[in-house]
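# I'd like to go over a predicted model; first the sequence, then the structure.
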Amino acid sequence: MRTSLLSDWLAQRLDKTGTEPAYRQLQRLLREAILAHELPAGRKLPSSRMLATELGIARNTVIQVYEQLAVEGYLLAGTGSGTFVADSTPDQQMLGNPATDASGETGRLSQRGQRLVASAGVSRRQWGAFVPGVADVTRFPAAVWSRLQARHMRNPQPELLSYAPPGGYAPLRVALADYLRNARSVRCEPEQIIITTGIHQSVDLAVRLLCDPGDEVWTEDPCYWGVRSVMQASGLALKPIPVDQEGICPSSEDLAQPPRMMLVTPSHQYPLGMVMSLARRRMLLEFARQRDCWIIEDDYDSEFRYANRPLMSLQGMDDANRVIYVGSFGKILYPGLRIGYLVVPPALAEPFAVALAELYREGQLLQQAVLADFIAEGHFGAHIRRMRNVYGTRREALMHEISRRFGEDVPVRGDEAGLHLVASLPDHLDDRQLAHDALAAGIATRPLSGYYSHADQATRGLLLGYACVQDEDIARHFSTLARVMEDHLQLR
């Protein structure tokens, strides 16, 4: 491109009436021309005075552009000799020979990435009727939280605005240890608590430190798809173990080949809702002790039980230090808080704290400080008690609507605790298609079969979350869902 042609080419493309400044347009156009080899290496560019005159812009604008492109390596500027296009062609010797099987495809995922995306259970809908597992964030005591936060922000300590120390904010670990000892019978000291961003990160940290790729891990079947994905992405060999009314139920053949780790939800199985029996708990703990296995206890929503008090944790029964206890504040306070925790055996406390800081460079100390005050001053316990009553009322309302509309045709299970229940459906029914049609009608729910490892062995049903549906809206929204269900059940 000759000098005169370059000026004409630039003049045609400069928009002097647009919102983009002239210097940015000129930088972008010259970069594009150089990268497309329309301005080859060694080509001399017009002087700043000449180009400014031909384009009708200020000379300082052209000087600024030339200097910036020289800094970026596109141009070479020599005093008195002019401005030239730099040679930025890649060195072919450094690149080597291209792979013979290169397809030119861009954005191709690894095999692990493909499996993760293909089996992902994440939904675009995270709020409203009847999204399971989501707290009513409209009842969060924002005024109290804001007051506590403002107290820290009036004269913030430098430490609270920096990276988190290994393990997390010390006062929060103290407050949390006291709460877990009293509410969940967890046996721990503050040093055993590791503050994370939630259950996903807690599980990820545990499997990174305690498992190697290829190790076998037992998961409940069905189980929460999120932690299953975390473990699969770590290269572990997952073995789904069926559950019965007493919880995870390994066969004699399973017990003959112990895994490296087990992931269980003993206080409220997710998603079916049963409580692991005392006999099954003792069996798992003794098996883990004898066969050197680790147990991850996911205690995701045990604060909300409606018929009796929260149950003792599995960790509280463990006298062999084989249980890693994980929990979070997302279902108690609000999901966006992104604060969770692990309780690890004493011997693992220091390695876990160091690894957390090494891998993730944690922050959120200001929020951790506010949460520590929130717990220590009694707001946390009061909020749990208040929301237990709110959710209990909504649970009853939803169960009433299901019974009124369907009677015994749609049995309910898993309603004793938590933020959701399961509406059971006939095995021949396609619950995935039902959930899809419900979403088209404005109602979000999850198909139970999606939580099983193998679709041909899955039980059919719908997970219905009631926590984030206002009392007065439950009947109306369920009526919408019921019409979709009736079409699939052929009851109309």
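On my side now, so go ahead.
# what stretches of the protein score poorly on pLDDT?
Scanning the chain for pLDDT under 70 picks out 1-4, 79, 91-106, 119, 121-126, 310, 491-492.
# who touches the residue most central in space within it in this structure?
The centroid of the chain falls nearest to residue 200 when counting by CA atoms, centre = their mean (6.3 Å). For residue 200, the contacting residues are 226-227, 230, by CB atoms under 8 Å, 6 or more residues apart in numbering. In short, each C-beta sits where N, CA and C put it, glycine included.
# For those residues, give me JSON lines that also has secondary structure, neighbour count and distance to residue 430.
Formatted as JSON lines, the contacts of residue 200 follow (DSSP: H, G, I helix; E, B strand; the rest coil; neighbours: other CB atoms under 10 Å; distance: CB to CB, whole Å):
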{"residue": "226", "secondary structure": "helix", "neighbour count": "16", "distance to residue 430": "23"}
{"residue": "227", "secondary structure": "helix", "neighbour count": "23", "distance to residue 430": "26"}
{"residue": "230", "secondary structure": "helix", "neighbour count": "22", "distance to residue 430": "28"}
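# Which single one of those is nearest to residue 440?
Relative to residue 440, the closest of the contacts of residue 200 is residue 226; by CB to CB it sits at 24.6 Å.
# Nearest spatial neighbour of the closest one, chain-adjacent residues omitted?
residue 200 (5.9 Å; CB to CB, 6 or more residues apart in numbering).
# gap between the helix or strand encompassing the one you found and the chain center?
Following DSSP states H and E, one finds residue 200 within helix 199-210. With CA atoms, centre = their mean, to the nearest Å as the basis, helix 199-210 stands 13 Å off its chain's centre.
# Now do the strands in the stretch 1-150 of the chain.
Per DSSP state E, counting those that start in this stretch, the stretch 1-150 of the chain carries strands over the ranges 44-45, 75-78, 82-85.
# Can you say which of these is nearest to residue 393?
Between the strands of the stretch 1-150 of the chain, strand 75-78 lies closest to residue 393; by CB to CB that is 70.4 Å.
# Number of residues surrounding residue 376?
For residue 376, the neighbour count with other CB atoms under 10 Å is 16.
# buried residues in stretch 455-472?
458-469 (16 or more other CB atoms under 10 Å).
# Pull the distance from it to the chain's centre.
The answer for stretch 455-472 is 20 Å, by CA atoms, centre = their mean.
# same question, stretch 353-371
For stretch 353-371, the separation from the chain centroid amounts to 16 Å (computed by CA atoms, centre = their mean).
# Show the contacting residues for residue 381.
By CB under 8 Å, 6+ apart, the neighbours of residue 381 are 179, 375.
# go on, residue 140?
With contact set as CB under 8 Å, 6+ apart, residue 140 has these partners: 333-334, 383.
# let's see 10 Å
Going by CB atoms under 10 Å, 6 or more residues apart in numbering, residue 140 touches 332-334, 336-337, 383, 387.
# Next: residue 196.
Shown in contact with residue 196 (CB under 10 Å, 6+ apart): 168, 202-206, 326-328, 338-342, 352, 356, 360, 362, 364.
# try 8 Å
By CB under 8 Å, 6+ apart, the residues touching residue 196 are 168, 202, 205, 339-342, 356, 362.
# cool, and residue 390?
Counting by CB under 8 Å, 6+ apart, residue 390 has contacts 136, 139.
# ok, 10 Å please
Residues near residue 390 by CB under 10 Å, 6+ apart: 135-136, 139, 304, 467, 470-471.
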